[in-house]
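1. coordinates for the following, if possible.
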Amino acid sequence: MGSVATPRRPISTEIYRGEELRRTSPRAGAYDAYALPSRIGSRQVTREQLHEELIAPLPPAPPMPMARSAARSADPLAAALAPPPEAPEPQPEPVQPPAIVTRIVKNGQEVQPLTPGRSGSLSAYRPRVGSGPHSVLMHLQAHGGHLLYTEIRHQFGIPQHSLTAIFKPALVRGALIRVQVGDRRALALPGYVPPALAAPPAPAPAPQNGIGEADQVAAIARTLTTATEALLYATEQLKQANQSFCALAALQRAA
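-> Below you'll find the predicted structure:
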C-alpha cells in the first residue's frame with residue numbers, strides 16, 4: 001500500500017493582532033485628533049456617543065397601517081355609515097359541450113367507452129401503411145368477420161409473442177376489439193358479434209338391454225307391488241310384536 005498524501009503547503013497557525021495599527025508614534029499630540037467628534041450626516045458625534053448609540057436598544061417598530069375593511073370593523077360608527085357592499089354581478093353558467101360517447105360491443109355486451117386523450121377528444125387511430133395492424137384492418141374492412149390469432153400469425157407473418165404489443169394501440173383507440181371464439185382469441189372491428197358455437201345435440205337415451213318402453217313400465221309396476229307387499233308384511237309383524245309386549249306387561253303386573 002502507498003503512503004498517505006500530505007498537504008503541499010503547510011497550514012499557518014499564526015494569529016493576526018494588528019500590530020501596525022497601534023499607537024507607535026513618539027511625537028506628542030500625534031493622536032489628539034482621535035478625541036475630536038466625527039461628522040455623521042448633519043451632526044457631530046464623539047466616540048463615546050457613538051458607542052452609547054450602538055449599544056442602546058432599538059425603538060419599537062411603528063404599527064402597520066390597517067386595511068380599510070379592518071378599520072371599518074374597528075370603528076362601529078364608520079361601519080354603520082359605510083355603504084353596503086355591492087353585490088357581485090351574476091355570471092352566466094358555462095355551457096358544457098355535449099360529451100362524445102363511443103359505444104363498443106364486445107361478445108354481444110357493451111363495454112366501457114374509450115377515455116379521452118390529453119386534448120380532450122378521442123384521437124383517431126391511423127396505422128402505418130404496410131404494418132401488421134394496417135393489413136389486418138384492411139382485411140377486416142374488406143371481408144368482415146374476425147381473424148384468429150393463429151390466422152394473423154400465419155397470414156401476416158407476425159410473431160406470436162408480439163401480437164399483444166403490436167395491436168395494443170389499435171385496441172386502446174377502439175379501432176379493433178378482441179373477441180373470444182370458442183377457446184381461441186380473435187380480432188374484429190367494433191360492433192362485431194362472433195357467431196355462437198352450436199352445441200352438439202344430446203343423444204337420445206338408448207333402450208336398456210333391448211327392453212321397450214312398455215316392458216320398462218311393467219318392470220317398474222312389479223317393483224312397486226313387491227315393495228307394497230313388503231311394507232304390509234312389516235306392518236303385520238309390528239302389530240304382533242305389540243300384542244306380545246302388552247301381554248307380557250300384563251303378566252308382570254299380575255305377578
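
2. tell me, how many residues neighbour residue 175?
-> The local packing of residue 175 (other C-beta atoms under 10 Å) involves 20 other residues. Placement of C-beta: from N, CA and C, glycine included.

3. distance of it from residue 169?
-> Using C-beta to C-beta, to the nearest Å, residue 175 is found at 8 Å from residue 169.

4. so which bits of the helix or strand hosting residue 186 are buried?
-> Element membership of residue 186, judged by DSSP states H and E, is strand 184-188. For strand 184-188, a neighbour-count test (16 or more other C-beta atoms under 10 Å) marks 186, 187, 188 as buried.

5. domain ranges for the chain, per the record?
-> What automatic domain parsing lists as the domains of the chain is 104-115+123-188, 213-244.

6. so which of the ones you listed comes closest to residue 13?
-> Minimum separation from residue 13 across those (C-beta to C-beta) falls at domain 104-115+123-188, 70.1 Å.

7. chain center to that closest one, what's the gap?
-> Chain-centre distance of domain 104-115+123-188: 27 Å, with C-alpha atoms, centre = their mean, to the nearest Å.

8. for that domain, give the mean pLDDT please.
-> Domain 104-115+123-188 shows a mean pLDDT of 80.

9. also stretch 27-35?
-> Mean per-residue pLDDT for stretch 27-35: 84.

10. next, the distance between the ends of it.
-> Terminal residues of stretch 27-35 are spaced 16 Å apart (C-alpha to C-alpha, to the nearest Å).

11. what's it in contact with?
-> With contact meaning C-beta atoms under 8 Å, 6 or more residues apart in numbering, stretch 27-35 is reached by 23, 25, 46, 47.

12. return the subset of those lying in helices.
-> Here DSSP state H is the test, and the contacts of stretch 27-35 give residue 47 as lying in helices.

13. check the contacts of stretch 27-35 and tell me the two furthest apart.
-> Maximum distance among these (C-beta to C-beta): 22.1 Å, for 25 and 46.

14. which of these two has more residues huddled nearby?
-> residue 46 (12 against 9).

15. show me the contacts for the nearest residue to the more buried one once chain neighbours are set aside.
-> Nearest residue to residue 46, sequence neighbours excluded (C-beta to C-beta, 6 or more residues apart in numbering): residue 37, at 4.5 Å. Neighbouring residues of residue 37 by C-beta under 8 Å, 6+ apart: 44, 45, 46, 49.

16. right, I'll leave it there.
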